[in-house]
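Student: Fold the following, please.
(2 chains)
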Amino acid sequence: MKISDCIDAGTEYCPCSLAETGECIMCSQLQGKVFCDCTNWKGVCIYQEYIWNHSQRKENRQVYRCRISAKEAVSPAVTVFTIQVKRTLARELKEPGAYVFLRIPDYPTFFDLPMSIMSADERAGVIKIAVQERGVKTKYLLQREAGRREEQQREEVLLRGPYWNGILGLKYLKSFQKGKALVVVRGIGQAPALPVAKKLLQGGNEVEVLLDRGRIAVDFTGDLFRKMGCRVLEKQLLKREDLTITEETLAYLQDSLLNKGVGLIYGGGSDLLHQGLSRLIQEVERGAFFVCSNNAQLCCGEGICGSCQTRLADGSRVKRCKTQLAALNIYEGR
Amino acid sequence: MARVVIIGGGWAGCAAAITARKAGAEVVVLEKTDLLLGLGNVGGIMRNNGRFTAAEEIIALGAGELLAITDQVTRHKNINFPGHKHAFLYDVTKVEPLVRKKLAEMQVMVELETRAINVQKEGSWLKSIVLANGSAVEGDVFIETTGSTGPMGNCLRYGNGCSMCILRCPSYGPRVSISQRAGVEDLLGQRGDESYGAYSGSCKLAKNSLSKEIVEKLDREGVVIVPVPTEDVNVKKLAYKVCQQYALKEFAENIILLDTGYAKLMTSYYPLAKLREIPGFEFARYDDPYSGGKGNSIRYLSMAPRNNALKVEGLSNLLCAGEKAGLFVGHTEAIATGSLAGHNSVRLYLGMPLLELPRALALGDLIAFANEKIKTPEGLKNRYTFSGGQYFKQMIAQGLYTTDVETVKLRVERIGLTNIFAEKFL
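Tutor: Okay, here's the model as predicted:
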């Protein structure tokens, strides 16, 4: 069955603007139906919160001006930013799937760049984010735009957050215990997989990481995974020509599911990688859970702009910035 | 083997489980909380007015198990209070474990803390009930006894907000209307002013919080009546009440307490500060709903259209009972409709004609009467119970009301339905 929860339901940011406009993802009363039809209860009555908040949304997320304390270029394409944040924020960003919007100070809000958290240290009040040079916004953040003068060194960044929906299938990730899990990552997808592996290890699971350097051509997380206690295998995951999963990797995955008792696969790569993984999991039919990075085009993170809206196989549309879905629901029927 | 899945473990669901089991089905009860009986855990009034006749009819029809339990834990027999005669008050703090034991003896599978949220169906046939954890419970026939109370959003929109009642939605999750999920739109009860829903009609005070004199009188006589200070009499509040049999002037002008293990306060809610001004109530506190000083649960927002055999219209294998089956009030009514739905679940599975109780019995008459009324705008503003209001009048007019047990037995025998609910088909 399709699960579709709102990642923000019951948090301090709920109810949000969607409640004010009758578009709440969870609550029938706030979808204009005026009667309870509460199939996705998360422990809090959103309608009650809304009425008690004088029929208004809660305060929006804040924008913080944060200092960049270090930039480490791990390859020509990838730089790891260390950003100083409040300890509370660091704690809120410790969850797998956490992300923030970064923007250069004094630039307009459409420069907001959604970035996954690679690690968060609540005691030191720092977070790490790996930035790959891709398009306009990443180039500005990396200070690689033309005509930039040396003295304009930017040591600060505007940060909006916390956001949490960077992973689909969080429910499975958080409840999976004492089993075997595969973390399959490629390219920049390595970074947000670190908190995933950490969560799985906390659940008493054995974790094996299949790592493909991908387009960024660098392994900047292998040692970190190993230090946590994961087994790391470097593998070519996708074929160069059509970006489908290589036969060797497919065979390895199949063997893992069928013979080694792997019960959960996390995909941290492109949609093509995730499609391949979800298809394999369905074909093998061993009931393994599929969890993956949320690759939607996130823009506002608040369910307002519509850029992340996706049509599912059953015809329904979901706002992927806020809706927590089983990953298989996204990739079925494609 | 017929597999009957009952959604909701209140009085109606438990009664349905018993008759379905007796008829030979394998029975599963899905209950969202950690207690069976739902609002029955804070009820307690049996056999008042026409409910006496109805209770004896249920026994004569062969489904007396639950009444045997309530009779067994009755604290007071044959008490009278305004508008009501020969009431029995069962001890609400004793009854649930006994019902649970009975169902276990009868090998009914009871799944507690199991919340149903959706259905899977093929055409008009329900295939399974989807649970909040994502799994599905398959069955041949389904009986919805989810009631019509709450959840929080409804209690807020149509009442004074969540008053923290025995259903404990915040802890166990809200009720979901299964028939509505299956595509059959719910009917909604109204109040006099055409707003929707109605308040539950009583609160429970901790007996220990009342004066020694009140407690002693309650223990001795079962009833205590204390006049409300004139300036606090709120007759208007009666119009909001579910239990129109208790919506009498006397109930506004007096505080009426009944001894059900708690001191059952026969009003929807009563501000605590006001209550404590009354002699003997200086230390009063609510045990159900916890916020009885502010409000009470809202009911009647979720009835399924059904025929007189209690099959939900538009669906092939869904029956309903209790408040889900109409604007009924009370445990006797829930047990009556539940027993019929449970019995009919096995008939439905076997393709037999479903049993409609004849109007020569109070049970059959109430079920048919409520169904006629629910189809009229005025009827939606009324409630139907053997114990008072419009239906008790009709019961008397039809000559159905009697407190003579032998007469009831004879009536049931004459129409050939003695022990029909005990009949085993499978």
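Student: what does the stretch 51-200 of chain A have sitting close to chain B?
Tutor: A:Ile51 (C-beta under 8 Å from any C-beta of the partner chain). Where C-beta positions appear, they are placed from N, C-alpha and C, glycine not excepted.
Student: Which parts of stretch B:351-367 count as buried, going by neighbours?
Tutor: Residues of stretch B:351-367 classed as buried: B:Leu354, B:Leu355, B:Leu357, B:Arg359, B:Ala360, B:Leu361, B:Ala362, B:Leu363, B:Gly364, B:Asp365, B:Leu366, B:Ile367 (neighbour count, 16 or more other C-beta atoms under 10 Å in any protein chain shown).
Student: Can you give me the end-to-end span of stretch B:320-337?
Tutor: Stretch B:320-337 stretches 8 Å from its first residue to its last (C-alpha to C-alpha, to the nearest Å).
Student: How is chain B divided into domains?
Tutor: Using automatic domain parsing, the domain parsing of chain B gives B:3-194+B:298-422, B:199-288.
Student: Quick one: mean pLDDT for stretch B:38-48?
Tutor: If you average the pLDDT over stretch B:38-48, you get 96.
Student: Let me fix that, I meant to ask about stretch B:11-26.
Tutor: 98.
Student: What does A:Arg226 show for phi and psi?
Tutor: phi -60, psi -40 (degrees, to the nearest 10).
Student: pretty sure it contacts A:Asp219?
Tutor: No: using C-beta atoms under 8 Å as the test, A:Arg226 is too far from A:Asp219 to be in contact (10.8 Å).
Student: quick one: which of these two has more around it?
Tutor: A:Asp219 (18 against 12; other C-beta atoms under 10 Å in any protein chain shown).
Student: Point me to the residue of the stretch 201-350 of chain B nearest chain A.
Tutor: Closest approach between the stretch 201-350 of chain B and chain A, counting by C-beta to the nearest C-beta: B:Leu301, at 6.2 Å.
Student: And the contacts of the helix or strand encompassing A:Leu210?
Tutor: For A:Leu210, the host element (DSSP states H and E) is strand A:206-212. Outside of strand A:206-212, the residues within contact range by C-beta atoms under 8 Å, 6 or more residues apart in numbering or on different chains are A:179-187, A:190, A:193, A:197, A:200-201, A:219, A:221-222, A:225, A:228-238, A:249, A:252, A:256, A:262, A:269.
Student: show me where pLDDT drops low in chain B?
Tutor: For chain B, the stretches with pLDDT under 70 are B:237, B:240-247.
Student: Quick check: residues of it near chain A?
Tutor: Checking chain B against chain A by C-beta under 8 Å from any C-beta, the hits are B:115, B:117-118, B:130, B:132, B:134, B:136, B:150-154, B:156-157, B:161-162, B:169-170, B:173-177, B:180-181, B:186, B:188, B:301-302.
Student: I'd like to know which of those are buried.
Tutor: Listed as buried from the residues of chain B next to chain A are B:115, B:117-118, B:130, B:132, B:150-154, B:156-157, B:161-162, B:169-170, B:173-177, B:180-181, B:186, B:301-302; burial here means 16+ other C-beta under 10 Å.
Student: tell me the pLDDT at the most centrally placed residue in chain A?
Tutor: In chain A, the residue lying closest to the centroid (C-alpha atoms, centre = their mean) is A:Gly166, at 1.8 Å. The score at A:Gly166 is 97. That number is its pLDDT.
Student: what sits against it?
Tutor: A:Pro96, A:Gly97, A:Ala98, A:Tyr99, A:Ser116, A:Ile117, A:Pro192, A:Ser293, A:Asn294.
Student: Could I get the phi/psi values of it?
Tutor: phi -80, psi 0.
Student: picking up where we left off before, from the contacts of A:Gly166, which ones fall inside strands?
Tutor: Those of the contacts of A:Gly166 mapping onto strands are A:Tyr99, A:Ser116, A:Ser293, per DSSP state E.
Student: who wins for most neighbours among the residues you listed?
Tutor: Neighbour counts for the ones in strands among the contacts of A:Gly166 peak at A:Ser293, which has 28 neighbours (criterion: other C-beta under 10 Å).
Student: show me the contacts for that residue.
Tutor: With contact taken as C-beta under 8 Å, 6+ apart, A:Ser293 is in contact with A:Ser116, A:Gly166, A:Ile167, A:Leu168, A:Gly189, A:Pro192, A:Ala193, A:Gly267, A:Gly268, A:Gly269, A:His274.
Student: quick one: the fourth one and A:Asn294 touch, right?
Tutor: Yes: with contact defined as C-beta under 8 Å, A:Leu168 counts as touching A:Asn294 (5.1 Å).
Student: anything in contact with each of these two?
Tutor: Shared contacts of A:Leu168 and A:Asn294 (C-beta under 8 Å, 6+ apart): A:Arg320.
Student: now the residue nearest to B:Asp259 when sequence neighbours are not counted, what's its secondary structure?
Tutor: With sequence-adjacent residues excluded and distances taken as C-beta to C-beta, 6 or more residues apart in numbering or on different chains, B:Asp259 is closest to B:Leu218, at 4.1 Å. With DSSP: H, G, I helix; E, B strand; the rest coil as the basis, B:Leu218 sits in helix.
Student: before we move on, the earlier item: how about the buried residues of stretch B:351-367, which pair is most distant?
Tutor: B:Leu354 and B:Ala362 (19.6 Å; C-beta to C-beta).
Student: So what touches the helix or strand containing B:Arg157?
Tutor: Element membership of B:Arg157 [criterion: DSSP H and E] is helix B:152-158. With contact meaning C-beta under 8 Å, 6+ apart, helix B:152-158 is reached by A:27-29, A:34-36, A:38, A:45, A:47-48, A:51, B:161-163, B:169-170, B:174, B:195-197, B:295, B:297-298, B:301.
Student: Distance check, A:Glu248 against chain B.
Tutor: 34 Å (C-beta to the nearest C-beta, to the nearest Å).
Student: okay, now that residue: neighbour count?
Tutor: Neighbour number of A:Glu248 under other C-beta under 10 Å is 11.
Student: Next up, the contacts around it.
Tutor: A:Lys235, A:Gln236.
Student: Tell me the helix or strand right after the helix or strand hosting it.
Tutor: Taking DSSP H and E as the definition, one finds A:Glu248 inside helix A:247-258. Next in sequence after helix A:247-258, counting helices and strands by DSSP H and E, comes strand A:262-268.
Student: and the next element down the chain from that following strand?
Tutor: helix A:271-284.
Student: list the buried ones in that next one?
Tutor: A:Asp271, A:Leu273, A:His274, A:Gln275, A:Gly276, A:Leu277, A:Ser278, A:Arg279, A:Leu280, A:Ile281.
Student: beta partners for B:Leu258?
Tutor: Per DSSP bridges, residues listed as beta-bridge partners of B:Leu258: B:Val223, B:Lys264.
Student: Does it touch B:Val42 like I think?
Tutor: No: with contacts counted by C-beta under 8 Å, B:Leu258 stays clear of B:Val42, the gap being 11.7 Å.
Student: Can you check which residues contact both of these two?
Tutor: What both B:Leu258 and B:Val42 touch, as defined by C-beta under 8 Å, 6+ apart, is the set B:Lys264.
Student: Return the member of the contacts of A:Ser293 nearest to chain B.
Tutor: So of the contacts of A:Ser293, ranked by how close each gets to chain B (C-beta to the nearest C-beta), first place is A:Leu168, at 15.0 Å.
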